[in-house]
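# no sequence on this one, just coordinates:
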């Protein structure tokens, strides 16, 4: 099985998806339903979201089957009847998906994707669809903030040790690369996604040698042209001095030390001292790489203070999106059997009907405003539509774009997002309007629901 | 492949584990190393940790092999030489593991486990070992806090939609069950771990019917003896009234409505109103189940206010450990080739040497204090040793305990933890001392490292 093969995941779903599906079957409810996947409010400090996870969702939908082992387990629960289990035996997803492409930029209430299918099918896939788009878009958004803060400096994903499990470690690497990171430490991500991998050495490596300088010499013997020495195991400035000694030895042998890494302490003060040590030793080409509890906030602060740091390894806080480890994402029924549908629960009103998102740009290409509209509404001057049909009759329409293409799309779209929305804190809300058609429909439906007798 | 089969994960490692291993090989460093896995400081508000993840770690270590496809990829990176690739081709983990059993309770600086093996082997496994113990112990700890706050009420894991990926969704379900949850919504977890599954209905189910009451009737037809109605789609109190109507219809047909679920709004006020509606209708047996953005803090507040809620679904905040989405966990070299090892980086001093943890209890069985000691130190009266040998020569010593046994161990150990350490906020630190042997060794080593010339 490859990492992106979702077929073992048919049962990776909430039980209620299956109990509801059985009820739809029993009731003869096979009308087409449209579900819309969107974030109600952006997480704290976020001015935008980066779309990721669509490729996994489409592959999942296309390959989704229930194995005989799956069916045997479901039968053993005594929750399901034979008719429903027979239905699952022949199950395949036959629906349609409209989606915003991976690497694009979206805002609150704008659909990542909309699924239209017989209601049991569209309901059954909810859990995995939410799980993957939520994780990957949350991480791509966090990564985009880190990349923006790093202003073009080298960025490496170091998150794998503390991402929430193996799947998150893979998706973090991919999401970071989409958002402009240069490499990941995750070797399997390098293999699976064809992205660059990078690595240095750990403190354990240094402490396994009797003396710190022995560790540097040993590593340089193995990697004479690609060494980064970790210099903070005992005393960072002394570590820099020893690194300089070994770097001069490497020069004599016709090689060059690539970088030193700081992983603890006051990175601003230490990076200045270390830069001084390296420059004094005639090693201006040896770069300084910093890591240790970093995310976009620390990176921005360090660069604002002009820390002489050439690259960053961001790990845990990036890999778990520590300041915002979840988003308020929902997969909501917006249409059933031709009838627009909404929900009024206290603080969770949803917008009815299949939708399209239009984006208007200025003459310089900068984004000006979005309009959330009915899918079939004729709108003049609202700009480019963002959602494209990605799947029909359960089949992907064309191969998904390559990871490099997704990365390029992000770079291009992000360049068109006005700067104020990229701020790390208190970014102003980007303007998203409702179209006349959607606004009219919504107020009519809310009025009907609020009228006594409008709903028994 | 089964979910717990780690063999596809040989490359799920940080690149530096491999570059360091190649350097160890080239330098002829094949001495035995001991790495210790521990948390430096407990996350905010935590007074204890619950151990989880050991079974996955042991299975990973026992099955770890590099496939020919893995080796082909590594060769293509041009980072590794033929000798090292040959070593990986024949790789198997041959080391020893001492570990605290799953379901146990631990504190800061106490090892979850210690790995002893030829240094390249012990180093190579770092990433996956950290990743799994970190995730699972973090989630089991969060779950234990939720279960403690719920004071015996029914608790169901609803996290899967927003856990960080598929792996985290599986491990969240298992960790919750260890810590006393009653069930999970995750069907695959039910199949893989043999644990109970549970589910109700979504708002989309309700909105797919023209009228709310039609949705309740349809569900009751399919599940006449196991229905929970979601009543907050439009107006919660009106929803309760309709649920009562259908419940009386069910009674007439010889069935019983099991519960109603609230998923939004002021859960305290609404649960009181809903209880009143149900009681007035002569439905005292219909229980109230609450969900929607809950974790231990909200559950505790609701029960303190005596909300008439009989069970809770905890989802996102539990599944991502939202208030503490990572722990300060480290896998540190503490001994190499018979030499105790430590690290002095600014704020990250480690304790040298292989260790054992002893726990002293009072006559009532309550835990009194722990002592962190040298593994081979003779200690009188320090209590029971916690770390047991779980693997030798790369083979598990006996089958891992069943999930039910792990769950039982948690229940028993947690009952022995003094109440003040279970507080959700500002729990006092549990006393963990250093043994005389460990304290002496540590101060000697720190003195040696601090002496100019003590390390070149």
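Looks like it arrived, so ask away. From a predicted model like this one, the values you see are computed outputs, not experimental measurements. Numbers count the residues shown, from 1 in each chain, chains lettered A, B, ... in the order given.

# where does pLDDT dip in chain A?
For chain A, residues meeting the criterion pLDDT under 70 lie at A:1-7, A:345-348, A:451-456.

# per the annotation, how does it divide into domains?
Chain A breaks down by automatic domain parsing into domains covering A:7-139+A:324-450, A:146-319.

# okay, those, which one's buried deepest?
domain A:146-319 (a mean of 22; mean count of other CB atoms under 10 Å in any protein chain shown). All C-beta spots, glycine's among them, are computed from the backbone N, C-alpha and C.

# skip the chain neighbours and tell me the closest residue to the residue of the stretch 1-150 of chain A found nearest chain B.
Relative to chain B, the nearest point of the stretch 1-150 of chain A is residue A:15 (3.1 Å; CB to the nearest CB). Sequence neighbours aside, residue B:199 is the residue nearest to residue A:15 in space, at 3.1 Å (criterion: CB to CB, 6 or more residues apart in numbering or on different chains).

# the one you found against residue A:16, yeah?
Yes - using CB atoms under 8 Å, residue B:199 makes contact with residue A:16 at a distance of 3.5 Å.

# what residues are shared contacts of those two?
residue B:185 (CB atoms under 8 Å, 6 or more residues apart in numbering or on different chains).

# assumed residue A:144 was part of a helix.
Yes - with DSSP: H, G, I helix; E, B strand; the rest coil as the criterion, residue A:144 is part of a helix.

# check the gap between residue A:182 and residue A:417 for me.
Taking CB to CB, to the nearest Å as the measure, residue A:182 falls 21 Å from residue A:417.

# same check, this time on residue A:398
27 Å.

# one step back: between the domains of chain A, which one is nearest to residue B:356?
Nearest of the domains of chain A to residue B:356, taken as CB to CB: domain A:146-319 at 21.0 Å.

# now do the end-to-end distance for the closest one.
Start and end residues of domain A:146-319 are separated by 11 Å (CA to CA, to the nearest Å).

# just stretch A:256-274 next, same as before
Its start and end residues considered, stretch A:256-274 measures 17 Å (CA to CA).

# and it, how far out from the chain's middle?
How far stretch A:256-274 lies from its chain's middle: 30 Å, per CA atoms, centre = their mean, to the nearest Å.

# tell me which parts of the stretch 301-450 of chain A are close to chain B?
Residues of the stretch 301-450 of chain A lying close to chain B (CB under 8 Å from any CB of the partner chain) are A:316-317, A:320-322, A:325-327, A:329, A:331-333, A:336, A:339, A:341-348, A:449.

# so which of those residues sit within helices?
Among these, the ones falling in helices (DSSP state H) are A:316-317, A:449.

# let me know the closest of those residues to residue B:360.
Ranked by distance to residue B:360 (CB to CB), these are led by residue A:316 at 34.1 Å.

# quick one, what contacts the closest residue to that closest one other than its chain neighbours?
Distances taken as CB to CB, 6+ apart put residue A:162 closest to residue A:316, at 4.3 Å, once the chain neighbours are dropped. By CB under 8 Å, 6+ apart, residue A:162 lies in contact with A:315-316, A:319-320, B:130-131, B:134, B:326-327, B:329.

# just the ones of those in strands?
residue B:329 (DSSP state E).

# and the helix or strand harbouring residue A:415, how far from the chain's centre?
When secondary structure is defined by DSSP states H and E, residue A:415 falls within helix A:403-416. A distance of 14 Å separates the centroid of the chain from that of helix A:403-416, by CA atoms, centre = their mean.

# hmm, who's touching that helix?
Here helix A:403-416 has contacts from A:50, A:52, A:101-105, A:140, A:144, A:148, A:174, A:177-180, A:193-195, A:361, A:365-367, A:401, A:422, using CB under 8 Å, 6+ apart.

# then stretch A:205-224?
A:201, A:227, A:229-230, A:233-234, A:238-239, A:242-243, A:245-246, A:249-250, A:253, A:255, A:257, B:16, B:19-20, B:22-24, B:26-27, B:29, B:33, B:79, B:119, B:123, B:333, B:336, B:339, B:341-343, B:455-456.

# which stretches of the stretch 101-250 of chain A form strands?
For the stretch 101-250 of chain A, applying DSSP state E, counting those that start in this stretch gives strands covering A:105-106, A:113-118, A:154-157, A:183-184, A:228-230.

# now render those as CSV, adding distance to residue B:154.
Below are the strands of the stretch 101-250 of chain A laid out as CSV (distance: least, CB to CB, whole Å):
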stretch, distance to residue B:154
strand A:105-106, 38
strand A:113-118, 32
strand A:154-157, 40
strand A:183-184, 42
strand A:228-230, 50
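
# between those, which gets nearest to residue A:298?
Across the strands of the stretch 101-250 of chain A, closest to residue A:298 is strand A:154-157 (CB to CB), at 12.8 Å.

# for the closest residue in space to residue A:119 that isn't next to it in sequence, give me its contacts.
Distances taken as CB to CB, 6+ apart place residue A:33 nearest to residue A:119, at 3.9 Å, with adjacent residues excluded. Shown in contact with residue A:33 (CB under 8 Å, 6+ apart): A:116-119, A:122-123, A:333, A:335-337, B:204, B:208.

# and for residue A:89?
Residue A:89 touches A:66, A:71, counting by CB under 8 Å, 6+ apart.

# how far away is residue A:317 from residue B:318?
Distance of residue A:317 to residue B:318, given as CB to CB: 20 Å.

# in helices only, show me the contacts of stretch A:205-224.
Cross-referencing these against helices under DSSP H gives A:238-239, A:242-243, A:245-246, A:249-250, B:16, B:19-20, B:22-24, B:26, B:119, B:123.

# OK, contacts around residue A:101?
A:51, A:54, A:388, A:401, A:406, A:409.

# grab the two from the residues you listed that are most spread out in space.
A:388 and A:406 (14.0 Å).

# how near is the residue of chain A most remote from its centre to residue A:223?
No residue in chain A sits farther from the centre than residue A:252, which is 45.1 Å out by CA atoms, centre = their mean. Plainly put, residue A:252 is 17 Å away from residue A:223 if you go by CB to CB.

# out of the strands of the stretch 101-250 of chain A, which is closest to residue A:307?
strand A:154-157 (14.0 Å).

# ok, that closest one: who's next to it in the sheet?
strand A:183-184 (parallel), strand A:311-314 (parallel) (DSSP bridges).

# list the contacts of that strand.
Here strand A:154-157 makes contact (CB under 8 Å, 6+ apart) with A:143, A:146-147, A:172-173, A:176-177, A:180-186, A:198, A:289, A:310-315, A:318-319.

# change it to 6 Å
A:147, A:173, A:176, A:181-184, A:198, A:311-313 (CB atoms under 6 Å, 6 or more residues apart in numbering or on different chains).

# farthest-separated two in those residues?
The largest separation in the contacts of strand A:154-157, counting by CB to CB, is between A:173 and A:311 at 16.7 Å.

# tell me if the helix or strand hosting residue A:273 is near chain B.
Per DSSP H and E, residue A:273 falls inside helix A:267-280. No - Helix A:267-280 lies out of reach of chain B by CB under 6 Å from any CB of the partner chain, never closer than 8.8 Å.

# any figure for the gap between residue A:242 and residue A:443?
The spacing between residue A:242 and residue A:443, counted by CB to CB, is 71 Å.

# what's the answer for residue A:168, then?
Using CB to CB, we find residue A:168 at a distance of 41 Å from residue A:443.

# what of residue A:283?
Applying CB to CB, the value for residue A:283 to residue A:443 is 68 Å.

# likewise residue A:388?
29 Å.

# repeat that for residue A:16.
Applying CB to CB to residue A:16 and residue A:443 gives a distance of 31 Å.

# equivalent analysis for residue A:8, please.
46 Å.

# got it, and residue A:20?
29 Å.

# now swap in residue A:394 and tell me
35 Å.

# where's residue A:298, which helix or strand?
In this assignment (DSSP H and E), residue A:298 forms part of helix A:296-304.
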